[in-house]
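K.L.:
Model the following, please.
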Amino acid sequence: MIAFRDRMARGRSRTGWLDSRHSFSFADYRDPAHMGFRDLRVINEDRVIPGAGFPPHRHQDMDILTYVLAGALEHKDSLGNGAVIRPGDVQRMSAGTGITHSEFNPSPTEPVHFLQIWIIPDRAGLPPSYEQKAFPLEQRRGKLRLVADPEGRDGAVTLHQDARLFVANLAAGERIAHEIAPGRGVWLQLARGIIALNETEMREGDGAAIEGESSIAIEAETDAELLLFDLG
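P.N.:
This is a model prediction of the structure:
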């Protein structure tokens with residue numbers, strides 16, 4: 001079964017500096033029918049104007065992934081980490097017993113467009129930790145590249161959950177497939193472009209929850225970028 005999540009049905013938060021779309025319930029957006037998918041709790045698509053961002057704030061007991069689509073995002077946290085996240089980078093911050101961080105757009109002229117993803121860890125009270133790795137376009141072009149994994153396989157960042165994240169960049173006309181092991185579910189988030197998922201069209205911002213299927217087929221109708229979560 002595939003349940004599609006239309007981009008226009010997502011929640012939305014807007015301020016003078018932030019435009020955020022919520023695939024699942026978040027902050028003031030509440031929808032009991034969309035509280036997450038398995039251990040995937042949040043997918044926020046955020047756009048932040050130049051020079052603005054999120055001031056220091058605290059998280060606890062959540063694995064948080066950040067994936068930049070355009071521009072750059074500057075991160076600082078209470079562990080002493082400081083980094084700039086750019087397209088192709090994957091940042092994983094495990095909040096554990098508690099971490100405070102800030103995120104700002106360091107550019108004076110260019111907006112930043114990124115996805116922030118929350119995954120519920122398999123246990124509470126972990127020590128806070130941080131990891132960031134780069135996955136160049138050539139590693140993602142025309143195939144699913146593993147970028148987050150419980151064991152950190154193939155150079156992926158590590159997750160504290162039975163969850164794996166793959167990223168793919170497809171040219172128009174390219175096709176890929178993904179096998180789904182029994183009992184697992186998949187969430188597909190289309191970050192850019194137009195694709196067909198098992199012959200049903202998806203456009204930028206659309207999502208899909210997939211359960212009870214042994215495999216899926218994806219064909220790019222335009223150049224496209226997608227994130228695929230394989231969840232226990």
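K.L.:
Which helix or strand contains the residue positioned nearest the centre of the chain?
P.N.:
Central residue of the chain (CA atoms, centre = their mean): residue 117, 4.5 Å from the mean position. Using DSSP states H and E, residue 117 sits in strand 112-119.
K.L.:
List of residues touching that strand?
P.N.:
For strand 112-119, the external contacting residues (CB atoms under 8 Å, 6 or more residues apart in numbering) are 39-48, 62-73, 85, 105, 159, 161, 163, 165, 189, 191, 227. C-beta: built from backbone N, CA, C; applies to glycine.
K.L.:
Equivalent analysis for stretch 182-192, please.
P.N.:
By CB under 8 Å, 6+ apart, stretch 182-192 touches 23, 37-38, 40, 43, 67, 69, 115, 178, 180, 197, 202-211, 213-214, 216, 218, 223-232.
K.L.:
Buried residues, that stretch. List them.
P.N.:
Buried positions in stretch 182-192, judged by neighbour count with 16 or more other CB atoms under 10 Å: 184-192.
K.L.:
Bridged to the residue nearest to the centre of the chain, which residues?
P.N.:
Judged by DSSP bridges, the bridge partners of residue 117 are residue 43, residue 65.
K.L.:
Could you report the separation of it from residue 172?
P.N.:
26 Å (CB to CB, to the nearest Å).
K.L.:
hey, C-alpha coordinates of stretch 154-169 in PDB?
P.N.:
C-alpha atoms of stretch 154-169 as PDB (Å, rounded to 0.1, in the frame of the first residue of the first chain):
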ATOM      1  CA  ASP A 154      29.600   2.900   3.700                       C
ATOM      2  CA  GLY A 155      30.700   6.100   5.400                       C
ATOM      3  CA  ALA A 156      27.200   7.100   6.500                       C
ATOM      4  CA  VAL A 157      26.400   9.100   9.600                       C
ATOM      5  CA  THR A 158      25.200   6.900  12.500                       C
ATOM      6  CA  LEU A 159      21.600   6.700  13.800                       C
ATOM      7  CA  HIS A 160      20.300   5.400  17.100                       C
ATOM      8  CA  GLN A 161      17.400   3.600  15.500                       C
ATOM      9  CA  ASP A 162      16.600   0.800  13.000                       C
ATOM     10  CA  ALA A 163      16.400   3.400  10.300                       C
ATOM     11  CA  ARG A 164      18.300   4.100   7.100                       C
ATOM     12  CA  LEU A 165      18.300   7.200   4.900                       C
ATOM     13  CA  PHE A 166      19.200   7.100   1.200                       C
ATOM     14  CA  VAL A 167      19.600  10.100  -1.100                       C
ATOM     15  CA  ALA A 168      19.400  10.000  -4.900                       C
ATOM     16  CA  ASN A 169      19.900  12.600  -7.700                       C
END
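K.L.:
model confidence over it, on average?
P.N.:
Mean per-residue pLDDT for stretch 154-169: 98.
K.L.:
go on, stretch 222-230?
P.N.:
For stretch 222-230, mean pLDDT rounds to 98.
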